[in-house]
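K.L.:
next one to model:
(one chain, ligands or ions: 1)
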Amino acid sequence: MEAVRASAAWVASRSSHVKVDMLEIEKAVDKIQGNVPKVEWDFEGIHYFDNGPLTVQYLFVLDALNFCFWPDKDLTYDNLASGLKLALEKDKSALDADRLKNYTGPQLRELLNWPRPLPIEEERVRLLHEVGLELERSFGGEAANLVKSAGNSAASLIELITRHFPGFRDHSLYKGHQVFLYKRAQIFVADLWGAFKGENYGQFDDIKSITIFADYIVPAVLRELGILKYESSLCCSIDSNREIVPGSEEEVEIRACSVHAVEKMRELINKKFGKQLLSIDIDLWLWSVGVQNMALSHHRTLSIYY
Ligand SMILES: Nc1nc2c(c(CN[C@H]3C=C[C@H](O)[C@@H]3O)cn2[C@@H]2O[C@H](COP(=O)(O)O)[C@@H](O)[C@H]2O)c(=O)[nH]1
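P.N.:
Modelled structure (predicted):
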């Protein structure tokens, strides 16, 4: 994803509220001697997997809704992944395109077995409808056909997704420049790759083009490691749980600098230790550290992108 890598670097070079500390990247890399702890995809054991097209449908719906859990303090990504899994195990047609087109908010809650309205529920419902309609119109109702159309290319799949599904167009304007982060489109590719272990629907010959997924957990871990430095008013806002406006310089800088910092970390590890590490490997390690550390404060932005 050259557009993501390039625009993240562009933001990092002009950033004023967030800085990437290269010395701290070097220290972190030396500390682990270039050995990024290997974290297995689905280390939590919460995802649906049957090695076929229904898994692809599951992952696409999962990543269509994979954003903004924090407004409900009890809701996490785990609830979404395991809720959709249980729903599918009960009813194999629960995620069929014609069903996705018609879910209401209360039905979605019921599907996920969640007792109260979900954060930004109307948007979640709208995005489900968008997925159902467009899958039906252009891909015979099946996310598996969307993946097949990309011909084992991660970059082509991301292009297809962002062309057909506006809800996945995770971009913003920063100092007059269009910045692409494509978090949910990229994480869908990574989920396919992880679930199918690089084969079948998970075979992507250019998997190394994927960057990390700019969410609200990885930046918090990078800050904790000292790799991201925030100016004091931003520190204050985050530590006091004040919301950061979507599309603000602060928000774009936090996300773009996270992508850029991990790209620099990966380049350094690969150069210094002769490895072929992927950004996905670093992402899953940092993310798993972050979600297990409940004390980390993260930035809070109401967004459908992450
Ligand atoms: N960078 C990055 N962000 C990720 C994930 C995942 C899950 N990936 C699955 C794939 C394989 C594993 O087995 C994982 O289960 C979710 N998120 C983001 O985190 C936030 C939710 O946090 P909390 O509210 O605490 O649940 C939210 O923005 C969500 O979009 C990841 O891998 N990387």
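
K.L.:
off-centre distance for stretch 163-171?
P.N.:
Centroid separation between stretch 163-171 and its chain, computed with CA atoms, centre = their mean, to the nearest Å, is 13 Å.

K.L.:
what about that stretch, start to end distance?
P.N.:
One end of stretch 163-171 sits 13 Å from the other (CA to CA, to the nearest Å).

K.L.:
any residue of that stretch touching the ligand?
P.N.:
No. Applying CB under 6 Å from any ligand atom, one finds stretch 163-171 separated from the ligand by no less than 10.9 Å. To be clear about C-beta, it is placed using only N, CA and C from the backbone, and glycine gets the same treatment.

K.L.:
just the helices in the protein please.
P.N.:
Along the chain, counting by DSSP state H, helices occupy 2-14, 22-31, 53-64, 77-90, 97-100, 105-111, 121-139, 143-149, 154-164, 183-195, 218-224, 232-239, 249-273, 279-292.

K.L.:
reformat the ones you listed as a markdown table; add distance to I207 and mean pLDDT.
P.N.:
Listed next are those as a markdown table, based on distance: least, CB to CB, whole Å; pLDDT from 0 to 100:
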| stretch | distance to I207 | mean pLDDT |
| --- | --- | --- |
| helix 2-14 | 14 | 97 |
| helix 22-31 | 22 | 97 |
| helix 53-64 | 15 | 99 |
| helix 77-90 | 21 | 98 |
| helix 97-100 | 27 | 98 |
| helix 105-111 | 31 | 98 |
| helix 121-139 | 22 | 98 |
| helix 143-149 | 13 | 98 |
| helix 154-164 | 6 | 98 |
| helix 183-195 | 6 | 98 |
| helix 218-224 | 18 | 98 |
| helix 232-239 | 32 | 97 |
| helix 249-273 | 13 | 98 |
| helix 279-292 | 7 | 97 |
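
K.L.:
give me the pLDDT for the spatially closest residue to E253 that is not a sequence neighbour.
P.N.:
Leaving out its chain neighbours, the residue that sits closest to E253 by CB to CB, 6 or more residues apart in numbering is V18, at 4.1 Å. The confidence metric pLDDT takes the value 98 at V18.

K.L.:
picking up where we left off before, need the helices of the chain in TSV with mean neighbour count, can you?
P.N.:
Shown next, in TSV, are the helices of the chain (neighbours: other CB atoms under 10 Å):
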stretch	mean neighbour count
helix 2-14	18
helix 22-31	15
helix 53-64	23
helix 77-90	18
helix 97-100	18
helix 105-111	16
helix 121-139	18
helix 143-149	20
helix 154-164	19
helix 183-195	25
helix 218-224	24
helix 232-239	14
helix 249-273	23
helix 279-292	20
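
K.L.:
switch those helices over to a markdown table; also include distance to I304.
P.N.:
Written out in a markdown table, the entries for those read as follows (distance: least, CB to CB, whole Å):
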| stretch | distance to I304 |
| --- | --- |
| helix 2-14 | 18 |
| helix 22-31 | 31 |
| helix 53-64 | 10 |
| helix 77-90 | 14 |
| helix 97-100 | 16 |
| helix 105-111 | 14 |
| helix 121-139 | 5 |
| helix 143-149 | 19 |
| helix 154-164 | 14 |
| helix 183-195 | 9 |
| helix 218-224 | 18 |
| helix 232-239 | 21 |
| helix 249-273 | 13 |
| helix 279-292 | 19 |
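
K.L.:
out of those helices, nearest to Q203?
P.N.:
For Q203, the closest of the helices of the chain is helix 183-195, at 8.0 Å, according to CB to CB.

K.L.:
who in the stretch 201-306 of the chain is up against the ligand?
P.N.:
So the stretch 201-306 of the chain meets the ligand at I212, F213, D215, Y216, I217, V218, D283, L284, W287, V291, Y306 (CB under 6 Å from any ligand atom).

K.L.:
ok, the residue nearest to E253 to I120 distance?
P.N.:
Distance, V18 to I120, by CB to CB, to the nearest Å: 25 Å.

K.L.:
same question for S153.
P.N.:
To I120, S153 is 32 Å away according to CB to CB.

K.L.:
before we move on, what about F196?
P.N.:
For F196 relative to I120 (CB to CB), the value is 30 Å.

K.L.:
okay, those two: which has more neighbours?
P.N.:
Legend: neighbour count by other CB atoms under 10 Å for F196 and I120, higher for F196 (21 against 16).

K.L.:
with adjacent residues omitted, what lies nearest to the more buried one?
P.N.:
Once flanking residues are discounted, F196 sits nearest to G202: 2.8 Å by CB to CB, 6+ apart.
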